[in-house]
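Enquirer: got a structure for you, letters missing:
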């Protein structure tokens, strides 16, 4: 019998996927419903906004933003 | 009315029921306004030809009038489709066309005069002691309308430019929110409005299209307020036929139209003295509703200060359309931006997506930075809209080159938008355990035909759909068919056995 699981399908590249996995581990596995493959993951609908925020924070820590490159000339 | 503006009005009219059209066409002013603004030339020709025809016009004769090559045939199809969508042309018994009775009668009245329909407004019989000049009315209309635009742009730059522009009424604010031009963030005293994607494309239109966009929101809301849309629409079309600088009497207006006067005064379409409610003056915004003329002359708030425009002679005659063709923005490859303007409105628009640096009397300098673009994108403006705005308002010097904007800047604006989007997300349903490979293929094909398939993971035998209702129907039917087949098979084997065994 076919099963249908409601949720949000997230598509991203493998590096972002790794961060999402880490966030999931840090939060009692409360985000991911189904780990599909390296670039796709199904997460809980209610958690999408929270995940976006956490991902943004994580990126801010790991990727140095070159904010002022266009300021100086 | 520009093509976009008439398109907007047309889209609204089309979805009205047929009876509304019959009521609308009772007014000669409406019939005339629709005839002169909404119809392509060929359609006008057809209407004029058929206006005094005593009998329906056979389709075969119509085809004989039009050259059979593909270009003309297309024009004919377009004209006929518009005429039919506006319920002007009716097909009788499938072989001939006739004009709708109400429309034909009203248009004849409008063209040749006669009748006591009063649908072109009734000028005040007594002269106004303090008659309003055309110049004053133009200034009034401009102030009212630009205050609305300024409100849409939002409070970003209001702190520095405040005082130059007046407040708009509470009703208009609600209307702008209803039309999703602005959203309100926070509540109570700290509530602040912010422009939306829709609001930004509203700003990018020319004035006449903006008025129609707002009026159509007004029409939609007026239905909820128990105002008769026929009354509202026919009054708008009447306004389009009034003469600038003459006061009209309010005595022949319906209660709905009396109620509208106040709102229209807020938009700057009419002017009415608080002390004398028996007369109103249409402004240029209203009288150009159904015409080609520019809606806002001598617009100081949006005035740009490009050199050609700076002499006074040009200033008094130029209009917004010509001005947006002139353009006032120079973008350099180093992300610097120079805008020849002293208008608070244009400066506010620029401040939505650039970092303002210096303001000179006729020029402001600004810089496109990652931060400024991403702030704009967070508030719902897209990189595409920013690029379109810069292109549409590029200075003539930039226009001489192709491409108009420096490609590096355009690409970078796009990249800054993509950068914020590290992942894409779709809401929907993951379907798994479909069964055999063949069942899987069929289910995926069905989902694709419905247009709900988002992604398939063939190796796992899973797929993802955006909507489930029809898919679950499909699976239920499939299961039901399976059960029936099994039951039939069982019954067949049962009956086979029973027939084999004698009773």
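Expert: Received it, and whenever you're ready, just let me know what you need. Here the structure is a predicted model, which means the values were calculated and not measured. Numbering: from 1, shown residues only, chains lettered A, B, ... in the order given.

Enquirer: and the pLDDT at residue B:44?
Expert: Residue B:44 is assigned a pLDDT of 90 by the prediction.

Enquirer: dump the residue contacts of residue 31.
Expert: No chain in the question, so chain A it is. For residue A:31, the contact set (C-beta atoms under 8 Å, 6 or more residues apart in numbering or on different chains) comprises A:20, A:23-24, A:43-44, A:47, A:50-51. No exception for glycine: its C-beta is placed from N, CA and C like everyone else's.

Enquirer: my bad, chain B
Expert: Counting by C-beta under 8 Å, 6+ apart, residue B:31 has contacts B:25, B:103, B:106-107, B:110.

Enquirer: pass me the low-pLDDT residue ranges in the chain, would you?
Expert: Since no chain was named, I'll use chain A. Residue ranges of chain A with pLDDT under 70: A:61-73.

Enquirer: ah, no, chain B please
Expert: Looking at chain B by pLDDT under 70, you get B:1-6, B:155-166, B:186-191, B:292-326, B:420, B:495-503.

Enquirer: show me the domain layout of it.
Expert: Per automatic domain parsing, the structural domains of chain B span B:3-112, B:134-287, B:307-419, B:429-500.

Enquirer: who does the longest strand seen in chain A touch, helix- and strand-wise?
Expert: Identified as the longest strand of chain A according to DSSP state E is strand A:3-12. Judged by 3 or more C-beta pairs under 8 Å, 6 or more residues apart in numbering or on different chains; DSSP states H and E, strand A:3-12 is in contact with strand A:32-37, strand A:40-43, strand B:423-432, strand B:453-457.

Enquirer: ok, residue B:379 to residue A:35 distance?
Expert: 34 Å (C-beta to C-beta, to the nearest Å).

Enquirer: no wait, residue B:110
Expert: 70 Å.

Enquirer: and residue B:484, by the same measure?
Expert: 38 Å.

Enquirer: more neighbours: those two, which one.
Expert: Using other C-beta atoms under 10 Å in any protein chain shown, the more surrounded residue of residue B:484 and residue A:35 is residue A:35, with 14 against 10.

Enquirer: show me the beta-bridge partners of that one.
Expert: residue A:41 (DSSP bridges).

Enquirer: list the buried residues for the strand or helix carrying residue B:203?
Expert: Residue B:203 is part of helix B:197-204 when elements are defined by DSSP states H and E. Judged by neighbour count using 16 or more other C-beta atoms under 10 Å in any protein chain shown, the buried positions of helix B:197-204 are B:199-204.

Enquirer: that helix packs against which elements?
Expert: helix B:134-153, helix B:207-224, helix B:383-392.

Enquirer: of all those, which one is nearest residue B:178?
Expert: In terms of C-beta to C-beta, the element of these nearest to residue B:178 is helix B:207-224, at 5.7 Å.

Enquirer: who's in contact with the residue positioned nearest the centre of chain A?
Expert: Per C-alpha atoms, centre = their mean, the C-alpha nearest to the average position across chain A is that of residue A:20, at 3.9 Å. If you count contacts by C-beta under 8 Å, 6+ apart, residue A:20 has them with A:10, A:12, A:31-32, A:41, A:43, A:51, A:55, B:423.

Enquirer: can you tell me the closest non-neighbouring residue to residue B:243?
Expert: With sequence-adjacent residues excluded and distances taken as C-beta to C-beta, 6 or more residues apart in numbering or on different chains, residue B:243 is closest to residue B:287, at 6.9 Å.

Enquirer: tell me who's in contact with that neighbour.
Expert: B:239-240, B:242-244.
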